[in-house]
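*Asks:* Sequence first, then the predicted structure:
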Amino acid sequence: MVSRVIPVEPFDLVIFGGTGDLARRKILPGLYRRFVAGQMPKEARIIGAARSDLDTAGYRKMIHEAIHEFIAEKDRDETLVQEFCKGLEYVTIDAMGEGGWKEMAALIRQDVIGAFYFSVAPSLFGALAERLHLHGISNDTSRIVVEKPFGRDLETARELNAVLAEHFEESQIYRIDHYLGKETVQNLMAVRFANVLFEPLWNAQYIDHIQITAAETVGVGGRGGYYDKSGAMRDMVQNHLMQLLCLTAMEPPSKFEPNAVRDEKLKVIRSLEPVEPHHIVRGQYDAHEGEPSYREDAGDLKSRTDSFVAMKCHVANWRWAGVPFYLRTGKKLADRASEIVVVFKEPPHHVFDADGKVHRNVLSIKLQPNEGMNLSVTIKEPGPGGMRLMDVPLDMSFAETLGDNADAVPEAYERLIMDVIRGNQTLFMRGDEVEAAWSWVDPIIQGWEARNDVPKTYDVGSQGPTDAETMMRRDGREWMDIKA
Ligand code: NAD
């Protein structure tokens, strides 16, 4: 299979926060990969901008080291790494002051696409937007990319939207959610809307329930103080899990076109019923074999912040009436595994003698660590001795299907940045989507705060608090095992 790489138009991409963790770990290594893939035209320029007192040579060295640290040796070509780094520029800039802005204005070309990635704290978004405008750096065709967290509740999200809207149109604002850049997430849409096989079954008549899991093995480590102000609900559910739920539950858009897709996602969020308190389990990981507990990591031994959430929700519309969506996310769990699992109903009538086992088709869409899809199908167990049934997987792992070309599948960040340059907002969250998601999440968090809710503890490396399993069992169902 030959992969097609179409170079994008020439651009100036400024990465504010270009010396930060995200820029070094994800953004610049991702851009290097697009450079190697031949997607960047010669005239493209990448400019790091941050408060750090560096010159361009120092920045090139920093990014050279970052590429060595975050891209495996087998995927690196030293000549290309050096060529890529030679093209980088750097400007020391103060988002809140005047330092560096004249230099930036002199550097940015007005006749190519200008993209400005705000990889800084959200408290700087307004100042950056304003200065880009005041110094005549941005124009009507410029794009800004903003990172999560987009607010911590509805009010702050509205404020951020308003601040950005003072200087940029909605069509220029790219709110990034890297889950949407994953190959399988887009494949979910292809599977649903480019095949006749699934869509007729994609409803309450044939689907028993859906599970969406994003499990991590890492704890909050060094970011404990920051995380403690947020928690799993704000950090994962409001954005990533909600986006996955939307893509799973949405109606077919009339076209695969940004506003058509985002209109359908918005309808899903607006259809979500409020969640009953007994349909949510919050958790915190406990100390384990010398490793600190969540509370120790957070630096607050009385912290009530959730490092785990499991919940049951309902999309109140004709298609999904009565079908529960179970969401689950947490840190320090058994494995690093993110997946969407669609569990179909049992056949309405048992033709074969019951063997005591429940046989159901299950479609699982794996997002992490190995992207791929798997559909379990019930067949006859081979051999004589009657009609025994077994479930076998129809497997489609991208690595196997695409062979040598699997490496050509871009990672989420690189794909999304190229979409920004192409001006394609389909995989970015619109302002009203983000606000609608907060409108649904806010009352849940406010309920916890009002009740002084204390999270349940769970063992490091486990499946989460036992209450999460009990919640499922009450419904006569079981969570899929958290395993990669
Ligand atoms: P970081 O603290 O490592 O880096 C912050 C960057 O901002 C540095 O380059 C710093 O020089 C710059 N900066 C700070 N104040 C500035 C100012 N006044 N003017 C100009 N530059 C200034 O942060 P990070 O981890 O890279 O995160 C950046 C943003 O991305 C944050 O909003 C974060 O929430 C978000 N994010 C980070 C990750 C991640 O994995 N690191 C993941 C998702 C989202």
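*Replies:* That came through, no problem. No experiment lies behind these values; they were computed from the predicted model shown.
*Asks:* Return the distance of the nearest residue to Gly100 once chain neighbours are set aside relative to the ligand.
*Replies:* Closest residue to Gly100 apart from its sequence neighbours, by Cβ to Cβ, 6 or more residues apart in numbering: Ile93 at 3.3 Å. C-beta: built from backbone N, CA, C; applies to glycine. Distance, Ile93 to the ligand, by Cβ to the nearest ligand atom, to the nearest Å: 5 Å.
*Asks:* Show the pLDDT at Ile93.
*Replies:* For Ile93, the model assigns a pLDDT of 97.
*Asks:* give the contact list for Lys267.
*Replies:* By Cβ atoms under 8 Å, 6 or more residues apart in numbering, the contact set of Lys267 is Met250, Glu251, Asn317.
*Asks:* where does it fall, helix, sheet strand or coil?
*Replies:* Using DSSP: H, G, I helix; E, B strand; the rest coil, the structure places Lys267 in helix.
*Asks:* I'd like to know which helix or strand in this structure has the lowest mean pLDDT.
*Replies:* None of the helices or strands of the chain scores lower by mean pLDDT, DSSP states H and E than helix 398-402, at a mean of 68.
*Asks:* what's the helix or strand just after it in contact with?
*Replies:* Going down the chain from helix 398-402, the next helix or strand is helix 412-422, by DSSP states H and E. Outside helix 412-422, the residues that touch it by Cβ under 8 Å, 6+ apart are 8-9, 11, 13, 26-27, 30-31, 33-34, 39, 113, 115, 117, 143, 145, 174, 176, 178-182, 410, 425-428.
*Asks:* from memory the residue nearest to Gly100 sits against Phe16, does it?
*Replies:* Yes. The pair Ile93 / Phe16 is scored as a contact, 7.3 Å apart, by Cβ atoms under 8 Å.
*Asks:* what residues are shared contacts of the two?
*Replies:* Ala49, Ala50.
*Asks:* returning to that earlier point: of the contacts of helix 412-422, buried ones?
*Replies:* 8, 11, 13, 26-27, 30-31, 33-34, 39, 113, 115, 117, 143, 145, 174, 176, 178-182, 410, 425-428 (16 or more other Cβ atoms under 10 Å).
*Asks:* Sitting in helices, which of those residues do you find?
*Replies:* Judged by DSSP state H, helices contain the following of those: Gly30, Leu31, Arg33, Arg34.
*Asks:* how far away is the first one from Leu22?
*Replies:* Distance from Gly30 to Leu22, counting by Cβ to Cβ, to the nearest Å: 10 Å.
*Asks:* cool, and Ile93?
*Replies:* Distance, Ile93 to Leu22, by Cβ to Cβ: 17 Å.
*Asks:* Distance check, the closest residue to Ala95 other than its chain neighbours against Glu435.
*Replies:* In this structure, Ala95 finds its nearest non-sequential neighbour in Leu124, 4.3 Å apart by Cβ to Cβ, 6+ apart. Separation of Leu124 from Glu435 (Cβ to Cβ) stands at 21 Å.
*Asks:* The two: which is more packed in?
*Replies:* For Leu124 versus Glu435, neighbours defined as other Cβ atoms under 10 Å are more numerous around Glu435 (20 against 16).
*Asks:* in which helix or strand would I find the more buried one?
*Replies:* With DSSP H and E as criterion, Glu435 is part of helix 431-451.
*Asks:* quick one: low-confidence ranges for the protein?
*Replies:* Flagging of the chain using pLDDT under 70 yields the residue ranges 1-3, 354, 398-400, 402-409.
*Asks:* do you know how far the most centrally placed residue in it is from Ile340?
*Replies:* The residue lying closest to the centre of the chain (Cα atoms, centre = their mean) is Tyr179, at 2.3 Å. Here the criterion is Cβ to Cβ. By it, Tyr179 lies 11 Å from Ile340.
*Asks:* ok, now Pro253?
*Replies:* From Pro253 across to Ile340, the span is 19 Å (Cβ to Cβ).
*Asks:* list the contacts for the closest residue to Ile63 other than its chain neighbours?
*Replies:* Counting by Cβ to Cβ, 6+ apart, Ile63 lies nearest to Leu28, which is 5.0 Å off, once chain neighbours are set aside. Taking Cβ under 8 Å, 6+ apart, we find Leu28 in contact with Ile15, Gly18, Ile46, Ile63, Ala66, Ile67.
*Asks:* let's see 10 Å
*Replies:* Applying Cβ atoms under 10 Å, 6 or more residues apart in numbering, we find Leu28 in contact with 15, 18, 22, 46, 48, 59, 62-64, 66-67, 70-71, 84-85, 88, 413.
*Asks:* Check these one by one and keep those near the ligand.
*Replies:* Residues shared between those and the neighbourhood of the ligand are Gly18, Leu22 [Cβ under 6 Å from any ligand atom].
*Asks:* quick one: which of the contacts of Leu28 sit in strands?
*Replies:* When the contacts of Leu28 are checked against strands (DSSP state E), the matches are Ile15, Ile46, Gly48, Leu88.
*Asks:* which non-adjacent residue is nearest the first one?
*Replies:* To tie it back to what came earlier, the one meant is Ile15. Computed as Cβ to Cβ, 6+ apart, the closest residue to Ile15 that is not its neighbour in sequence is Tyr117, at 4.7 Å.
*Asks:* partner residues bridging the one you found?
*Replies:* Note on Tyr117: beta-bridge partners by DSSP bridges are Ile15, Val145.
*Asks:* how much space between it and Glu346?
*Replies:* From Tyr117 to Glu346 the distance is 49 Å (Cβ to Cβ).
*Asks:* Taking the stretch 301-450 of the chain, what residue is nearest to the ligand?
*Replies:* Residue nearest to the ligand within the stretch 301-450 of the chain: Tyr413 (9.7 Å; Cβ to the nearest ligand atom).
*Asks:* Likewise for the stretch 1-150 of the chain?
*Replies:* Nearest residue of the stretch 1-150 of the chain to the ligand (Cβ to the nearest ligand atom) works out as Gly20 at 2.3 Å.
*Asks:* Now that residue, what are its backbone angles?
*Replies:* With angles defined as degrees, to the nearest 10, Gly20 sits at phi -80, psi 180.
*Asks:* 12 is where my numbering starts, stick with that
*Replies:* Let's use 12 as the start, then, which means that last one is Gly31.
*Asks:* Contact partners for the residue lying closest to it once chain neighbours are set aside?
*Replies:* The spatially closest residue to Gly31, leaving aside those adjacent along the chain, is Ser130, at 5.8 Å (Cβ to Cβ, 6+ apart). Residues in contact with Ser130 (Cβ under 10 Å, 6+ apart) are 26-35, 37-38, 59-61, 156-158, 187.
*Asks:* can you do 7 Å?
*Replies:* Ile26, Phe27, Gly28, Gly31, Leu33, Ala34, Ile38, Glu158 (Cβ atoms under 7 Å, 6 or more residues apart in numbering).
*Asks:* Could you check how far the third one is from Lys37?
*Replies:* Here the distance between Gly28 and Lys37 works out to 12 Å (Cβ to Cβ).
*Asks:* again, but for the second one
*Replies:* Phe27 sits 15 Å away from Lys37, going by Cβ to Cβ.
*Asks:* re the thing from before, more crowded one of Pro264 and Ile351?
*Replies:* Neighbours per residue (other Cβ under 10 Å) separate Pro264 from Ile351, with Ile351 holding more: 24 against 18.
*Asks:* what are the ranges of the strands in the stretch 62-211 of the chain?
*Replies:* Along the stretch 62-211 of the chain, counting by DSSP state E, counting those that start in this stretch, strands occupy 99-103, 124-129, 154-157, 184-186.
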